[in-house]
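Enquirer: what's the 3D shape of this:
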Amino acid sequence: MANKIIFIAGPSASGKSRYAEHLEKQFHMPVICKDSVMQKKHGSSTQEQKR
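Expert: The predicted model follows:
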């Protein structure tokens, strides 16, 4: 089976993260989201960075 990448995009608070979690469980695949990448890169959540 070929490797696949799924991109999920949409407005804030539209359920993107919840849908990604569903796909992660259903297909047993890793999920990388922008918020977690920013948290690892900067050591804080995006909400904390806005303050």
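Enquirer: residues near the residue nearest to Ala9 when sequence neighbours are not counted, how many?
Expert: Using C-beta to C-beta, 6 or more residues apart in numbering and skipping residues adjacent in sequence, the residue nearest Ala9 is Lys16, 7.3 Å away. From N, CA and C alone the C-beta is placed, and that goes for glycine too. Look at Lys16: counted by other C-beta atoms under 10 Å, it has 15 neighbours.
Enquirer: From the centroid of the protein, which residue is nearest?
Expert: Cys33 (2.4 Å; C-alpha atoms, centre = their mean).
Enquirer: So it is in contact with Ser17, correct?
Expert: Yes - contact criterion C-beta atoms under 8 Å: Cys33 and Ser17 qualify, at 6.4 Å.
Enquirer: Could you tell me which ranges of this protein sit under the pLDDT cut-off?
Expert: 1, 35-39, 44-51 (pLDDT under 70).
Enquirer: Ile8 and Ala20: what is the separation?
Expert: Distance of Ile8 to Ala20, given as C-beta to C-beta, to the nearest Å: 6 Å.
Enquirer: So between these two, which is more surrounded?
Expert: Neighbours per residue (other C-beta under 10 Å) separate Ile8 from Ala20, with Ala20 holding more: 16 against 13.
Enquirer: Can you give me the distance of Glu21 to Phe27?
Expert: Going from Glu21 to Phe27 by C-beta to C-beta gives 11 Å.
Enquirer: wait, Ser12
Expert: Counting by C-beta to C-beta, the gap from Ser12 to Phe27 is 25 Å.
Enquirer: can you check Lys34 too?
Expert: To Phe27, Lys34 is 20 Å away according to C-beta to C-beta.
Enquirer: Would you map the strands across the protein?
Expert: For the chain, no strands turn up when DSSP state E is the criterion.
Enquirer: Touching the longest helix along it from outside, list them.
Expert: Ordering each helix of the chain by length in residues (DSSP state H) puts helix 16-27 first. With contact meaning C-beta atoms under 8 Å, 6 or more residues apart in numbering, helix 16-27 is reached by Ile6, Ile8, Ala9, Gly10, Met29, Pro30, Val31, Cys33, Asp35.
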